[in-house]
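Q: Just the structure for this:
(2 chains)
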Amino acid sequence: MTTLALDRPFKRPTTRRKVRSTLVRVLLYICLAAVAVFLLLPFFWMVVSSLKRDIDVFSVPIQWIPDAFRWEHYQEIWGVEPWKGSSMLDWLRNTLILSVVVTFLQVLTGSFAAYGFSRIRFPGRDVLFLGYIATIAVPWQAYMVPQFLLMSQAGLVDTLWSMIVLQAFGAFGVFLMKQFYETIPEELSESARIDGLSEYGIWARIMVPLTGPAIASLALLTFVNTWNDYLGPRIYLRSPENFTIQLGLQLFRSNPDVATRWDLLFTGSVLSVLPIAIIFLAGQKYFVEGIATSGMKS
Amino acid sequence: MSEVVAEAALVEGKTQAGVRYRAKDKTPRSRRSKLRLRNTLLGWSFIAPNFIGFALLTLLPILALFYVSFTDWNAFGQANWIGLDNFRRLFTKEPNFEIALKNTLYYTVLHVPLTMAASLGLAILLNRKLKGVTFFRTAAFFPYICSIVAVAVVWNALFHPEYGPINEVLRFIGIDDPPRWTVSKEWAMPAVVIVGTWREMGYYMLLYLAGLQTIPREQYEAASLDGASSWQQFLYVTWPGLRPQTFFIAVMLTIGSMKVFDLVLVMTDGGPGTATLVLSQLIWNKSFKETGQFGYASSIAVVLFVICLVFTLVQFFVNKRNQK
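A: Numbering: from 1, shown residues only, chains lettered A, B, ... in the order given. Next up, the predicted model:
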């Protein structure tokens, strides 16, 4: 009886209320549309401009839909050499090699180390892990100079090796994988141990298969970060044939002979973003999971 | 974003050490120490592949930073210990240091509140059942993982003072003399801030969205039964409920703003003049761009490091207090 008394008397929604709630919905959609325009219009404009004639990129009034779609830019771009002897194709190839190798190494060494940190007890382990974590809080800008000095002593400057060693051994991967390993019950590895499986066997046959989504998260985040990295390559890569797509695009922007070709510049931009967009759309779930587990980027 | 990780891990490391399992061990001492040795070797064999790379490329440079900042290490490779000379020069004889510090603070003061407001607004807008909400959540996040150079290409074109679509729109709505954005001293920094906010709001929206979902529905129902308007509900239910997220995001954004770098580098390269010269870029200019004064640049890096450390520690201790 008391619960009934708490219920409010049933009222039919009046027309006024109906109108009001529709109005709120419409307003919400207008807000959403405004936000979407702010967020996505730059991308839309980038794609559209890459399909326009050069002189139409900045036409007044703005041409949102070009009169003719010039897909030929996507053929022409491969022949353009913002630097003699180097084109988009070389840079995309370099970036792809780097991203794949770095991702592979980061996932492998990261998950391997995470196993050591989360499943094996030995003196000094927790202190060591704390050391790992503390370095994540140090801004890279602060130690990029000493890092460069070390790399140049080792003679790695202006080789793709410098980028590989720079990005493949991040503490971030160790941390992310450890977070996921902690969610897997200890009993699983314990019973495998009793059955005579070695620790390496437990890692390979039990932990790795069970943490597929975690590996996917780490792999996607690492791939995207390596693909997009601008500062690392800017410091370490000097000759245009070693450039990544980001540096190549920047070179394109700063070379007065080709920088006026806005249409091609946008075509190049689209090409540099396209792989990331595809990966992001395919692996959305893993991105959000990786971010929920920790932060992104190091 | 790395501080998120550090923070979470510091908290976690503590609890783990606290509840470490200690079995009553009846094995003889020699066997126990043998087991310990075995475990140590085993543990290190797992960690070593990552640790060797990590120690050489992260740990060593961080430690070296402090040494280098006390030397006059330059492009010719000579390094002499000169004590505090670098810092003295930085604080008394470097006009660009003050400019860079001021610009960095200016960026921070604009960027932090703007991004917080935008991401909170976005989160509230997207925290409801509407058609297409999932699409929007995805879309909002995309700028964050988009390459910075492509971002600069597009936005520099959008901001183009004569032909850019932004100024075209501004002229259309009656502003005859729109800002010259990245080529003017006054508007270059606001332009960078706008792009920074555009880029990061999706990321912080995700954090706010997670926070909104922890606020119990009953609180809203109770408030609405008491006749609270939407604004009052926001003020007395949503805002207090999001306090942990707000604090966390404010600190993250502040640290991120203090070390802002690649965005400035690709958009304005610190210009025009020194209008957008920030701290990180000053390190860059002194070491890689101009003269190769690695020792001197490292002293600026130490200053940046200390600033970020202070904010990280503040956050760490506030969180610790709140957990009690």
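
Q: Please parse chain A into its domains.
A: Chain A is divided into the following domains under automatic domain parsing: A:2-50, A:77-293.

Q: pLDDT (mean, whole number) over the first one?
A: The reference is to domain A:2-50. Averaged over domain A:2-50, pLDDT sits at 75.

Q: For that domain, what is the distance to the chain centroid?
A: Centroid separation between domain A:2-50 and its chain, computed with C-alpha atoms, centre = their mean, to the nearest Å, is 31 Å.

Q: Is there proximity between that domain and chain B?
A: Yes: Domain A:2-50 is in contact with chain B by C-beta under 8 Å from any C-beta of the partner chain, via A:8, A:25, A:28-29, A:31-32, A:35-36, A:38-40, A:42-43, A:45-46, A:49. In this view, the C-beta of every residue, glycine as well, is placed from N, C-alpha and C.

Q: Could I have the ChimeraX command that selects the buried members from those?
A: To isolate the buried members of those in ChimeraX, using 16 or more other C-beta atoms under 10 Å in any protein chain shown:
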select /A:32,35,38,39,42,43,45,46,49
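
Q: just to revisit the earlier point, would you mind giving the domains of chain A as JSON lines with distance to residue B:138 added?
A: Below are these laid out as JSON lines (distance: least, C-beta to C-beta, whole Å):
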{"stretch": "domain A:2-50", "distance to residue B:138": "10"}
{"stretch": "domain A:77-293", "distance to residue B:138": "6"}
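
Q: Worst mean pLDDT among the ones you listed?
A: Mean pLDDT is lowest for domain A:2-50 among the domains of chain A, at a mean of 75.

Q: Filter the residues of domain A:2-50 next to chain B down to the ones in helices?
A: Counting by DSSP state H, these place A:25, A:28-29, A:31-32, A:35-36, A:38-40, A:42-43, A:45-46, A:49 in helices.

Q: Tell me where the stretch 1-150 of chain B has helices.
A: Assigned by DSSP state H, counting those that start in this stretch, the helices in the stretch 1-150 of chain B fall at B:2-18, B:29-54, B:60-68, B:85-93, B:95-126, B:133-141, B:148-158.

Q: what about residue B:159, distance to residue A:40?
A: 17 Å (C-beta to C-beta, to the nearest Å).

Q: Sorry, slip of the keys, the one I care about is residue A:111.
A: The gap separating residue A:111 from residue A:40 is 35 Å, by C-beta to C-beta.

Q: returning to that earlier point: please work out which of the helices of the stretch 1-150 of chain B is packed deepest.
A: Counting by mean count of other C-beta atoms under 10 Å in any protein chain shown, helix B:148-158 has the highest mean neighbour count of those, with a mean of 24.

Q: which other helices and strands contact that helix?
A: Counting contacts by 3 or more C-beta pairs under 8 Å, 6 or more residues apart in numbering or on different chains; DSSP states H and E, helix B:148-158 packs against helix A:15-50, helix A:245-254, helix A:262-293, helix B:188-212, helix B:262-267.

Q: Report whether the very next helix or strand once past it contacts chain A.
A: Next along the chain after helix B:148-158, taking DSSP states H and E as the criterion, comes helix B:165-172. Yes: against chain A, helix B:165-172 shows contacts by C-beta under 8 Å from any C-beta at B:165, B:168.

Q: mind listing what's buried in helix B:165-172?
A: For helix B:165-172, a neighbour-count test (16+ other C-beta under 10 Å) marks B:165-168 as buried.

Q: residues making contact with that helix?
A: Contact with helix B:165-172 is made by A:45, A:60-62, B:158-161, B:178-179, B:181, as judged by C-beta atoms under 8 Å, 6 or more residues apart in numbering or on different chains.
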